[in-house]
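Q: just to be clear, the model below is a prediction. Sequence and coordinates:
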Amino acid sequence: MREKTCDICGHVVNPEDVVIHRIIPEEVARQAGIFDFRTATLCTDCSNEVQTWYEKRVYSMNYKDGAKRFILRSPAQMLKEYEATYRAFVEYKTRRRAKSQHLGH
């Protein structure tokens with residue numbers, strides 16, 4: 001089998017170590033009426049890291065000042081949250097990789 005490259009960090013990995021990552025989790029995408037899932041080919045490290053970012057940065061609740069309470073985000077809002085978090089993660093990893101290459105590591 002042919003090796004694959006992680007879409008985020010660029011590392012070459014064996015096919016059995018590749019994770020096909022759904023940028024928007026299936027449940028959220030379906031609730032938003034999306035059935036054509038965007039995916040990325042990730043190494044296990046990037047897959048684990050992006051999942052941690054999701055857990056820390058994507059919130060299903062939003063505080064409304066006017067109502068003085070938390071309300072559930074709509075599926076469309078959740079979709080935007082996941083997309084924005086994924087983009088931020090990719091930008092972070094890209095900057096980190098560029099810095100590492102610049103320093104000669």
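A: Great, that's in hand.

Q: any idea which element the residue sitting nearest the centre point of the chain lies in?
A: Centroid check for the chain by Cα atoms, centre = their mean gives Tyr86 as the closest residue, at 3.4 Å. In this assignment (DSSP states H and E), Tyr86 forms part of helix 75-102.

Q: contact partners for the residue nearest to the centre of the chain?
A: Taking Cβ atoms under 8 Å, 6 or more residues apart in numbering, we find Tyr86 in contact with 23, 40, 50, 53. All C-beta atoms are positioned from the backbone trio N, CA, C, and that covers glycine.

Q: what's the spacing between the closest residue to Cys6 other than its chain neighbours and His21?
A: Nearest residue to Cys6 in three dimensions, chain neighbours excluded: Cys43, at 4.0 Å (Cβ to Cβ, 6 or more residues apart in numbering). Separation of Cys43 from His21 (Cβ to Cβ, to the nearest Å) stands at 10 Å.

Q: when the two are compared, which one has more neighbours?
A: A count of neighbours by other Cβ atoms under 10 Å puts Cys43 above the other of Cys43 and His21, at 22 against 19.

Q: distance from the worst-scoring helix or strand of the chain on mean pLDDT to the middle of the chain?
A: Lowest on mean pLDDT, DSSP states H and E among the helices and strands of the chain sits strand 61-64, with a mean of 81. Computed by Cα atoms, centre = their mean, to the nearest Å, the chain-centroid distance of strand 61-64 equals 22 Å.

Q: same question for stretch 50-58.
A: Mean-position distance between stretch 50-58 and its chain equals 8 Å (Cα atoms, centre = their mean).
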